[in-house]
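S.K.: Structural data only, the sequence is not supplied:
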Ligand code: NIG
Ligand code: FE
């Protein structure tokens, strides 16, 4: 059906629509996109623009490539302080697990985050979100997990949402209360999980402060049984779940996440064949985090070939966090996903658009197609593979979010 007119028409563009089909990147040369309100109304070749369809505003793209807005589907970017000292310790031979057992690691950031008021937490986190937004990220997931008590977790989640408003990015929040054992529960992990299930998850659900619930299932995190309890408490309140799974060892996390109907299982370096099969049948998205793999100098690769063979959707995210991935470039993660994990540049870009949206349970974005949210970014590149090929630099030339022009370079 032809719309009566467009609020905004983008033309003289090349489109990487990221729609599945026979053409790589779902590409359309000499393309155009018509937008009405906050949604895409029409996508096609410029020569097919309906003649009787006037546009109230037209932006000529000068041959630039347009892609869906980038989606960073796994971050911990709201935190206070820095862990550069641990980086130095690790270079001298300490492992991430050693540092964590000695009270550093996640708990070091918990101390700094608890001590910061919302204004300080926001001021310290803002440049990280600004950097990602400047690269064309229009939707981002931000986890809590550095508060580990109800008030501090709510503070983190509120700061995350407020930053999204301020910087024009759609923020999806995830409660990661089961991230580490806070010092006041030392030696009492089950009691902490009781508190998470009986108090924190219900309080956060009542406040409507989180869109999902996550946990860290690991020898230095929580056991599969404790993770299951967190998932049960979340599901009882209709909150979708996701999981930090099999990052440092094979705990059966991927299969556990799939059995709970998780939106995604993330990291997955140590995921076994049964885990891959379970994810395939549950349509759980595999979120690959090459920044953490790189920073921890991990050598065990996630089972990418098996994901591909079994049709498990693969997303790519920054994991922006102070310990294992102090990364604020999603484009660099695309490069690392190709170089370290052997994704194709097309898989990597799908991983930061349509697959990442699915990892957040969002079907309304991630491709350039009629009916999708008009989250569109423009790039100064000659071909879409350049987005994964470059190491550094930012070819972003414009951002449209929900149909509104946020930035546009003439
Ligand atoms: O995704 N693995 C657990 N959580 C984070 C690290 C958090 C931290 O070290 O502060 C991760 O790698
Ligand atoms: Fe993480």
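M.R.: Structure received. Since this is a predicted model, take the numbers as computed values, not measurements. Ligands and ions are numbered 1, 2, ... in the order given.

S.K.: Residue 211 against residue 174, yeah?
M.R.: Yes. At 6.6 Å, residue 211 counts as touching residue 174 under the criterion of C-beta atoms under 8 Å. Yep, even glycine has a C-beta here, placed from its N, CA and C like the rest.

S.K.: For stretch 132-148, buried residues please.
M.R.: Buried positions in stretch 132-148, judged by neighbour count with 16 or more other C-beta atoms under 10 Å: 132-133, 135-148.

S.K.: Of those residues, which pair is most distant in space?
M.R.: In terms of C-beta to C-beta, the buried residues of stretch 132-148 reach their longest pairwise distance at 136 and 148, which sit 32.7 Å apart.

S.K.: Show me which residues of the stretch 1-150 of the chain sit near ligand 1.
M.R.: 76, 105, 106, 109 (C-beta under 6 Å from any ligand atom).

S.K.: Which pLDDT value belongs to the first one?
M.R.: Translated: residue 76. Looking at residue 76, its pLDDT is 98.

S.K.: In three-state terms, label it for me.
M.R.: coil (DSSP: H, G, I helix; E, B strand; the rest coil).

S.K.: May I have the phi/psi pair for the nearest residue to it once chain neighbours are set aside?
M.R.: Sequence neighbours aside, residue 321 is the residue nearest to residue 76 in space, at 3.8 Å (criterion: C-beta to C-beta, 6 or more residues apart in numbering). For residue 321, the backbone dihedrals (degrees, to the nearest 10) come out as phi -160, psi 160.

S.K.: And the one 3 residues further on, by the same measure?
M.R.: Phi and psi for residue 324, reported as degrees, to the nearest 10, are phi -110, psi 0.

S.K.: what's the burial count for it?
M.R.: By other C-beta atoms under 10 Å, 25 other residues sit near residue 324.

S.K.: Please look at it and residue 97 and confirm they touch.
M.R.: No. Assessed by C-beta under 8 Å, residue 324 is found out of contact with residue 97, at 11.3 Å.

S.K.: Quick one: the helices in the stretch 1-150 of the chain, in order.
M.R.: 84-91, 96-101, 106-115, 118-134, 150-167 (DSSP state H, counting those that start in this stretch).

S.K.: Make CSV out of those and add distance to residue 315 and mean pLDDT.
M.R.: Below are these laid out as CSV (distance: least, C-beta to C-beta, whole Å; pLDDT from 0 to 100):
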stretch, distance to residue 315, mean pLDDT
helix 84-91, 26, 95
helix 96-101, 23, 89
helix 106-115, 23, 97
helix 118-134, 15, 98
helix 150-167, 19, 98
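
S.K.: could you dump those to TSV with distance to residue 221?
M.R.: Shown next, in TSV, are these (distance: least, C-beta to C-beta, whole Å):
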stretch	distance to residue 221
helix 84-91	17
helix 96-101	9
helix 106-115	9
helix 118-134	23
helix 150-167	16
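
S.K.: Which one, of those, ends up nearest to residue 216?
M.R.: The closest of the helices of the stretch 1-150 of the chain to residue 216 is helix 106-115. By C-beta to C-beta, the value is 8.2 Å.

S.K.: Start and end of stretch 369-389, how far apart?
M.R.: End-to-end distance for stretch 369-389: 25 Å, by C-alpha to C-alpha, to the nearest Å.

S.K.: Could you give me the buried positions within that stretch?
M.R.: 369, 372-381, 384-389.

S.K.: The host helix or strand of residue 255 near ligand 1 at all?
M.R.: Under the criterion of DSSP states H and E, residue 255 resides in helix 253-259. No. Helix 253-259 does not reach ligand 1 (C-beta under 6 Å from any ligand atom); its nearest approach is 11.2 Å.

S.K.: Give me the buried positions along that helix.
M.R.: Across helix 253-259, burial judged by 16+ other C-beta under 10 Å covers 253, 254, 255, 256, 257, 258.

S.K.: could the residues of the stretch 1-150 of the chain next to ligand 1 go into TSV alongside neighbour count?
M.R.: Shown next, in TSV, are these (neighbours: other C-beta atoms under 10 Å):
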residue	neighbour count
76	28
105	21
106	27
109	24
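
S.K.: Format those as CSV; extra columns: distance to residue 25.
M.R.: As requested, those are exported to CSV (distance: C-beta to C-beta, whole Å):
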residue, distance to residue 25
76, 30
105, 39
106, 38
109, 38
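
S.K.: can you give me how far the helix or strand of the chain with the lowest mean pLDDT is from the chain middle?
M.R.: Scoring the helices and strands of the chain by mean pLDDT, DSSP states H and E places helix 96-101 at the bottom, with a mean of 89. Between the centre of helix 96-101 and the centre of its chain there are 25 Å (C-alpha atoms, centre = their mean, to the nearest Å).

S.K.: which other helices and strands contact it?
M.R.: Counting contacts by 3 or more C-beta pairs under 8 Å, 6 or more residues apart in numbering; DSSP states H and E, helix 96-101 packs against helix 84-91.

S.K.: Tell me which residues are up against the helix it packs on.
M.R.: Contacts to helix 84-91, defined as C-beta atoms under 8 Å, 6 or more residues apart in numbering, come from residues 94, 96, 99, 104, 105, 108, 323, 326.

S.K.: to the chain's geometric centre, what's the distance from it?
M.R.: That offset, for helix 84-91, works out to 26 Å (C-alpha atoms, centre = their mean).

S.K.: quick one: it to helix 106-115, angle?
M.R.: For helix 84-91 against helix 106-115, the angle by axes from the mean of the first three to the mean of the last three C-alpha atoms, to 10 degrees is 180 degrees.

S.K.: Residue 247 should be in a strand, yeah?
M.R.: No. Assignment of residue 247 by three-state DSSP gives coil, placing it outside any strand.
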